[in-house]
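# take a look and give me a structure for this.
(2 chains)
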Amino acid sequence: MLARRIIPCLDVRDGVVVKGVQFRNHEVVGGILDLALRYRDEGADELVFYDITASTDARTISPDWVRKVSAVLDIPFCVAGGIKTVEAARARLEEGADKISINSPALTRPDLINELSDAFGRQCIVVGIDSYFDGEDYRVKSHTGDPDETKDTGRETFDWIIEAVQRGAGEIVLNCMNQDGVRKGYDLPQLIAARKICRVPLIASGGAGETSHFEDVFKRAGVDGALAASVFHKNILPIPTLKSELRTAGIEIRI
Amino acid sequence: MDVVIVDTGCANLASVGFAFDRLGVSKTITQEPEIICAAPRVILPGVGAAPYAMQKLRERNLVDVLQNLTQPVMGICLGMQLLFENSEEGSLEGDVEGLGMIDGNVVDLDTGDLPSPHMGWNTLENLADDPLLAGITSGDHAYFVHSYAVPLSKYTLASSEHGSAFSAIIRKNNIYGCQFHPERSGKTGARILENFLKVSS
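Prediction:
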């Protein structure tokens, strides 16, 4: 049986892993390769590197750490941040990234999803969605990396999921912004609704704080994977403990 | 040089190469027919779409070369699918002709109600008694990413299931194939590559 995936997300800036405090005042958490291997050894099923350096410019060359990560890592990894063209995606895939993830550039120019999917196949194209519940509807925000730049796109989240998949997304990462960083649990109603209309793998993001949150999101929302950052970086929930508890709870997990 | 990786023009060449570096063996990535023919072992990697990959192999005059190899050959992911006769992939233009080194076809994987592509760590089941599987246990996980698959047949060494069962590992004589990515399948993947380096030619 296909195992549910546990996916740590690492923010990379200028070649090191950082932890943002309200976007600014980044603290260095550690070296990219050290943390990649630490999470691999702890049992992460996949890693996401979110390049927050790249998000501010339009580099088409791959950052040099992508190749280094690929050389040491024997689990899959995804590179996100600042990928706006087929060439930028190609550079990262050729250096060894297994998938690339796009968010704001896909909202600015949705045809980018089609172009990437046609060039590389949908299996390596992830679309990340930052979704905000405004009290009535789930709506998509863009450029959420910087509070000063964050925009309402006017799009409804579920419509955008359907469109992104039709255009060639092979996986959706749904980041529920109301929950992000609060560690009170994933947004189950939103993820349950998203699961019903998303026929490609769906990854939950935003809100993980304890094992029961992962158990709920797998059992009730049926997502394929759960992404988290601070809970792993701060070692609040060690991955081996999490995975063994999830397995005990009857969830298919790779140990 | 222990192994030659065929440069199929696909994107995961670097990752496959690194997997052999980690095993401490020397590898060459090439599209030169002479080097491929003379290699002790050959890896045919591949990601992306079958029509594009076959076009690349034809452009590089590698179809005959691959079809006539007698040393151990391993296709990975799309590379494994290319070993068969036809693929349903790209079926708007009709089936795509593969290398035909193994009889059988590649079909659109019926995932039932489950998401497609089949993406993630799945278990290897129903293991055959074969040197390629030394040290591998039923239930070990491997990392898969694909929408098309090779049905179960007499060539299946291990199966996996996502909506329906399919071939995870195949072998016909000197020709081997993994539907998953051994270069991204942790210790299980590394062991299978290590075993491949030891199978007799």
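# hey, let's count contacts and neighbours off CA atoms from now on
Noted.
# excluding covalently adjacent residues, which one is nearest to A:Ile100?
A:Val79 (4.9 Å; Cα to Cα, 6 or more residues apart in numbering or on different chains).
# any idea what the one you found is bridged to?
Beta-bridge pairing of A:Val79 under DSSP bridges involves A:Phe49, A:Ile100.
# what's the distance between it and chain B?
A:Val79 sits 14 Å away from chain B, taking Cα to the nearest Cα, to the nearest Å as the criterion.
# in the biggest helix by length in chain B, what's buried?
Determined from DSSP state H, the single longest helix within chain B is helix B:186-198. Residues of helix B:186-198 classed as buried by neighbour count (16 or more other Cα atoms under 10 Å in any protein chain shown): B:Gly186, B:Lys187, B:Thr188, B:Gly189, B:Ala190, B:Arg191, B:Ile192, B:Leu193, B:Glu194, B:Asn195, B:Phe196, B:Leu197.
# now do it, average pLDDT.
Over the span of helix B:186-198, the pLDDT mean works out to 98.
# what helices or strands is it leaning on?
Applying 3 or more Cα pairs under 8 Å, 6 or more residues apart in numbering or on different chains; DSSP states H and E, one finds that helix B:186-198 makes contact with strand B:141-146.
# packing partners for the strand it packs on?
strand B:118-123, helix B:186-198.
# run the chain-centre distance for it.
Put simply, strand B:141-146 sits 12 Å off its chain's centre (Cα atoms, centre = their mean, to the nearest Å).
# what's in contact with it?
Outside strand B:141-146, the residues that touch it by Cα atoms under 8 Å, 6 or more residues apart in numbering or on different chains are A:75-76, A:123, A:254, B:77, B:117-124, B:179-182, B:184-186, B:188-189.
# relative to strand B:141-146, how tilted is the longest helix of chain B?
With axes from the mean of the first three to the mean of the last three Cα atoms, to 10 degrees defining the directions, helix B:186-198 sits at 80 degrees from strand B:141-146.
# low-confidence regions, the stretch 51-200 of chain A specifically.
A:54-60 (pLDDT under 70).
# how about the helices in it?
With helices called from DSSP state H, counting those that start in this stretch, the stretch 51-200 of chain A shows them at A:64-72, A:86-94, A:104-108, A:111-120, A:157-167, A:188-197.
# cool, chain B as well?
Counting by DSSP H, the helices of chain B are B:13-22, B:33-38, B:50-59, B:63-67, B:78-81, B:186-198.
# among those helices, which is nearest A:Arg109?
With respect to A:Arg109, and counting by Cα to Cα, the nearest of these is helix B:50-59 at 25.5 Å.
# so which bits of the closest one are buried?
By neighbour count on 16+ other Cα under 10 Å, the buried set for helix B:50-59 is B:Ala50, B:Pro51, B:Tyr52, B:Ala53, B:Met54, B:Lys56, B:Leu57.
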